[in-house]
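Q: what's the 3D shape of this:
(2 chains)
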Amino acid sequence: MNRIQSLAAGWLFAAALIMQGCSKEEPPKPAPKAEAPPQETVVKIGVASPLTGPQAHIGIDIKNGVQLAVDDANAAGITIDGKKIKLELVAEDDEANPTKAATVAQKLVDAKVVAVVGHFNSGASIPASKIYSDAGIPQISPSSTNPKYTQQGFKTTFRVVANDDQQGPVDGKFALEKLKAKNIAVIDDSTAYGQGLADTFEATVKAGGAKVAAREHTTDKDTDFKAILTKIKGKKPDLIFFGGIDPQAGPMIKQMGELGIKAKFMGGDGIQTPNFIKLAGDAAAEGAMASMPGLPKDQMPGGMKFLEKFKAKFNADVELFAPMGYDAVFVFIEAMKRAKSTDPAKFLAEVAKTDYKGVIGPIAFDDKGDLKNGPVTVYAVKGGKWDTMEVVTPGGAPEAKPADAPAAAEPAKAAEPAKK
Amino acid sequence: MQTAPAGAVLLWTDGSGMDIFLQQIINGLVLGSIYALVALGYTMVYGILGLINFAHGDLVMVGALVALTVLQAFFGSTLPVPLAIACATLAAMLVCMALGVTMERVAYRPLRRAPRLAPLITAIGVSILLQYSAALVWSKQYISLPEILKPEQFTVAGATFTDLQVFIFLLACGLMAALLWFIKHTRLGKAMRATEQNADVAGLMGIDINRIVAFTFLLGSALGAVAGVMVVLYYGLGHYYMGFMLGLKAFTAAVLGGIGKVHGAMLGGLLLGLIESLASGYIGDLTGGVLGSNYRDVFAFLVLVVVLVFRPSGLIGERSGERA
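A: Predicted structure coming up:
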């Protein structure tokens, strides 16, 4: 009897192991290849983002944006050097984990993708970029803002958003000039993105003469911030700045309310999502501010149309970076067209020379791969929705005309924000 | 509690004051009551079977997610909130009790006479099974509690706390008192104690060991389910992996207090909550900014190591030769 029971236990354990292994994989569903007419060549584009886990809503949003682009491009028909091309999307889940990101990058390289849109987190894009660079595959991140991503000396790293060397100072200046904050507490989530953004913000406000009352750290898995917030409460700050993503920021601002902390709350692009408001609750989220690289979606040249198309196809609102993912695909297609080749070795150089007018605005890269003249917008939560407060464009003429919404501001170097 | 006096000295010079200290204490006590409830499950099972049920934290997670689902279903209906929460708790308890008893019957009972390692590994296996089954049912996303609670705040001596915190703390204390009374004053409780002391002799005395063990799992799971509901109400979030860290901390709390003793689990839980809260608040000041509040887990486990070095059977554990 004992042997049978232990055998059964052993099988149960093995079954558990197998289940664990199975549920970790995301079997990509490739579009049927052989159906295409013989002249059509299939070209694979990879997208890597967290498709599961607390940040999945943002990762899936990016994947959907890329999917929409692939479908639109295929529907319009792509011809490169006289040959018809069909794009196929290979989507991988990096779980916002730096180690998994490297594994996923290798997987995509082995799947022979010609280009990658990804990853979402800076902490994932940076380790993955080495693998793409070694394979010579161009990588456009729709969202990673840590400056290190493009400073590694790789020719394959690009991004279609401003980086934290711009975003941090925008936040800092906003805090100093518009919020007139003098006593600021800074928290980060110990990731490459969160810590980097918090550091640049802190440097900016310190240089501006404000006092940083506390600098605290949490992780990107935590949900209990009462101890940190209680400590901060004792320093009586006017502003709390959080470098991190909405699964932490939502509970954090909620607990701020529960502890009776009266300070204002500000964060970076990681919290500027509808999900943040959902997690915090309308009451607690009211008045929270966040910066986001890129124009407000309704001011983007292709913004409104994109929002409608996205909603129609996926029955969901755009979460954060879907338009950036969308444009990244077309940047690749344009580069392939100019180079007259789908071979990464040949069209990589053309990616660097991109001059494309996308949904998000004009896209051109500097010598490192950063977006030229990337704007940064500051938003605030009003009545359960993110409202535009100010758009800051570093150098260059303002592109988009201001929307007629009363809360929107003109995009200019020193914009006049709508007062709260 | 070494950190408290040192913290107290610092905060007078620091200027943050007694109110912040009091606040951290309150935070710690609430956190600690949750740890204590979960630790009870660990300690009761260890006391009776000598087994560390690694799957207990994940059982709490299942309870939490079941409660979340029920509360989401009731959201928008006319049911008054306390009733909805009671229903959710009941549902969570039923599911957890069923799971706990099944776990015991299928995974642990056959291994009762096996070498110690076998049920331990099985427990890890069950833990993984529960986690990924939960991921299949509820997906890996964070699930948030609909806004049904609007906790009222009170401020006493500068420390702000909510009625929800008071409720959690009192409920936990009440449950622990009820458990102690049950173990001490009922026949079933006496049978549990007897089985704990020596299962074979208790069997000779006419106690049905299988039933007592199943009942222990039932009780531990029920308490775990309540803890899960508390976590959901307090943090407003649940996801498939939340049981891992919670279970680890609760197990640490049980060991800290003295594993196998119900008093130990309660003491250990509250203590661990307090240590974590105070460490989080004061580590930065104590180390002059070298270590930040993200080291609080390190601090908590460090305290565990130190206590075990000097008192291997925990703070109020007895030095017993046979049990490791």
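
Q: what ranges does chain B have for its strands?
A: In chain B, strands defined by DSSP state E lie at B:143-144, B:153-156, B:159-162, B:237-238, listed in chain order.

Q: can you put the ones you listed in CSV and add distance to A:Lys130?
A: The way it works is simple: take the backbone N, C-alpha and C, and place the C-beta from them, glycine included. Listed next are these as CSV, based on distance: least, C-beta to C-beta, whole Å:
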stretch, distance to A:Lys130
strand B:143-144, 35
strand B:153-156, 50
strand B:159-162, 48
strand B:237-238, 34
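
Q: which residues touch A:Ser129?
A: Shown in contact with A:Ser129 (C-beta atoms under 8 Å, 6 or more residues apart in numbering or on different chains): A:139, A:149, A:152, A:154, A:156-157.

Q: doesn't it lie inside a helix?
A: Yes. Note on A:Ser129: a helix contains this position according to DSSP: H, G, I helix; E, B strand; the rest coil.

Q: what's the burial count for the spatially closest residue to it that is not a sequence neighbour?
A: The spatially closest residue to A:Ser129, leaving aside those adjacent along the chain, is A:Thr157, at 5.0 Å (C-beta to C-beta, 6 or more residues apart in numbering or on different chains). The number of residues packed near A:Thr157 is 27, by other C-beta atoms under 10 Å in any protein chain shown.

Q: the one 3 residues further on now?
A: Residue neighbour count, defined by other C-beta under 10 Å, stands at 29 for A:Val160.

Q: how about it: what's its closest non-neighbour residue?
A: The spatial neighbour of A:Val160 that comes closest, neighbours along the chain excluded (C-beta to C-beta, 6+ apart), is A:Met324 at 4.9 Å.

Q: can you tell me the element that neighbour falls in?
A: Applying DSSP states H and E as the criterion places A:Met324 in helix A:322-339.

Q: mind checking what helix or strand follows the lengthiest strand in chain A in sequence?
A: Using DSSP E to assign secondary structure, the strand with the most residues in chain A is strand A:83-93. Using DSSP H and E, the helix or strand that follows strand A:83-93 in sequence is helix A:98-110.

Q: how big is the angle separating that following helix from strand A:83-93?
A: Taking axes from the mean of the first three to the mean of the last three C-alpha atoms, to 10 degrees, one finds that helix A:98-110 is oriented at 160 degrees with respect to strand A:83-93.

Q: other SSEs contacting helix A:98-110?
A: With contacts defined as 3 or more C-beta pairs under 8 Å, 6 or more residues apart in numbering or on different chains; DSSP states H and E, the secondary structure elements packing on helix A:98-110 are strand A:41-49, strand A:83-93, helix A:122-135.

Q: so what's the residue count around the residue of the stretch 151-300 of chain B found nearest chain A?
A: Checking the stretch 151-300 of chain B residue by residue against chain A with C-beta to the nearest C-beta singles out B:Ser280 as nearest, at 3.3 Å. Other residues lying near B:Ser280 total 31 when counted by other C-beta under 10 Å.

Q: residue contacts, the residue nearest to A:Val160?
A: Going by C-beta under 8 Å, 6+ apart, A:Met324 touches A:62, A:65, A:142-143, A:160-161, A:294, A:360.

Q: and if you look at B:Val307?
A: Residues near B:Val307 by C-beta under 8 Å, 6+ apart: B:256, B:314-315.

Q: turn those into TSV, columns for pLDDT.
A: As requested, the contacts of B:Val307 are exported to TSV (pLDDT from 0 to 100):
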residue	pLDDT
B:Leu256	90
B:Gly314	83
B:Leu315	85
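
Q: can you say which of those are buried?
A: Using 16 or more other C-beta atoms under 10 Å in any protein chain shown as the burial test, the contacts of B:Val307 include B:256, B:314-315 as buried.
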